[in-house]
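S.K.: give me coordinates for this.
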Amino acid sequence: MSTDYDITQDKWQRFTFERKDRVLTAYITSDHPVNGVDEQMHTELALVFNCLQRDSESDIIILSARGRAFCAGGDFDWFEEQIERPERFRAIGWDAKQIVVTLLQMEKPIICRMNGAAAGLGATIALLCDIIIADETAKIGDPHVKVGLVAGDGGALIWPQLIGFAKAKELLMTGDLLTAKEAVGLGLINYAVPAAELDAKVDEMVGKLLANPKWAVRWTKTAANIPLRALAAQMMDASIGWESVSNYLDDRREAVMAFKEKRPPNLTGD
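M.R.: Numbering: from 1, shown residues only. The predicted model follows:
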């Protein structure tokens, strides 16, 4: 995939785009039932936020998804490929960093319209947005550990900053999911509303942002993200490195197989 993609070109396979005045909505769009991340989506996620930032016809970005989920984490067929050929996992390390870095470098405000479940990398992407508005029936969590992986692609970065280390470590180490209402109570996301009210709440927030001077909003967001960008620079190489190492382990293979076979895993500690 070329890096000269922009949202005016018909090259995207995992995203569709809609404009309304100066607001651009990017929809994760795939034939996976819960928008699981495969290699193509991972590649496009590493490109899309730079393209959205460079789009000259928009001032506000909404990130959402088609279907019943926002993004429920890695696709299990892709997991199996990575286990059988670990070099495939190693090869995505650069893109994994770019997803986090480019989201944090965006100056335009980005609202997550969390229309359904967000898990793993999907949760990280949602939480790295500036304002998260969720369907109250949606769930969010980072269950990397349940499939034998370190939460290295941004979860260990953003969760502690939003809800504190004690609760964040509990949730990252257990892989438990939260309801959207629970996530609001913890300060993890901003709003949880009935599905029928989701668009109205997003529109309300867009209106508030557009009512303020554009550059004041953009650069306030940019200043607020300085500590997160610095933390990402400190953490991402090591966290992705640990995640890559965990892909080699026997328990990683067993966790994935057990999930696919709908049985408890027989973990050995190896």
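
S.K.: so which elements touch the helix ranked longest in the chain?
M.R.: Determined from DSSP state H, the single longest helix within the chain is helix 226-246. Under the contact criterion of 3 or more Cβ pairs under 8 Å, 6 or more residues apart in numbering; DSSP states H and E, helix 226-246 touches helix 86-90, helix 93-105, helix 155-163. Yep, even glycine has a C-beta here, placed from its N, CA and C like the rest.

S.K.: for those helices, which one sits closest to Val256?
M.R.: Among the helices and strands packed on helix 226-246, helix 86-90 comes nearest to Val256, with 12.2 Å by Cβ to Cβ.

S.K.: report the mean per-residue pLDDT for stretch 98-107.
M.R.: Throughout stretch 98-107, pLDDT has a mean value of 98.

S.K.: go on, stretch 146-153?
M.R.: Stretch 146-153 comes out at a mean pLDDT of 97.

S.K.: got the CA coordinates for it in PDB?
M.R.: Output of stretch 146-153 as PDB, limited to C-alpha atoms (Å, rounded to 0.1, in the frame of the first residue of the first chain):
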ATOM      1  CA  LYS A 146      -6.700 -13.400  27.300                       C
ATOM      2  CA  VAL A 147      -5.100 -14.200  23.900                       C
ATOM      3  CA  GLY A 148      -1.600 -14.400  25.400                       C
ATOM      4  CA  LEU A 149      -0.300 -11.000  24.400                       C
ATOM      5  CA  VAL A 150       1.100  -8.000  26.200                       C
ATOM      6  CA  ALA A 151      -1.200  -5.000  25.900                       C
ATOM      7  CA  GLY A 152       1.600  -3.300  24.000                       C
ATOM      8  CA  ASP A 153      -0.100  -1.500  21.200                       C
END
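
S.K.: quick one: that stretch to chain centroid distance?
M.R.: 14 Å (Cα atoms, centre = their mean, to the nearest Å).

S.K.: check stretch 124-143 too.
M.R.: Worked out by Cα atoms, centre = their mean, stretch 124-143 lies 8 Å from the chain centre.
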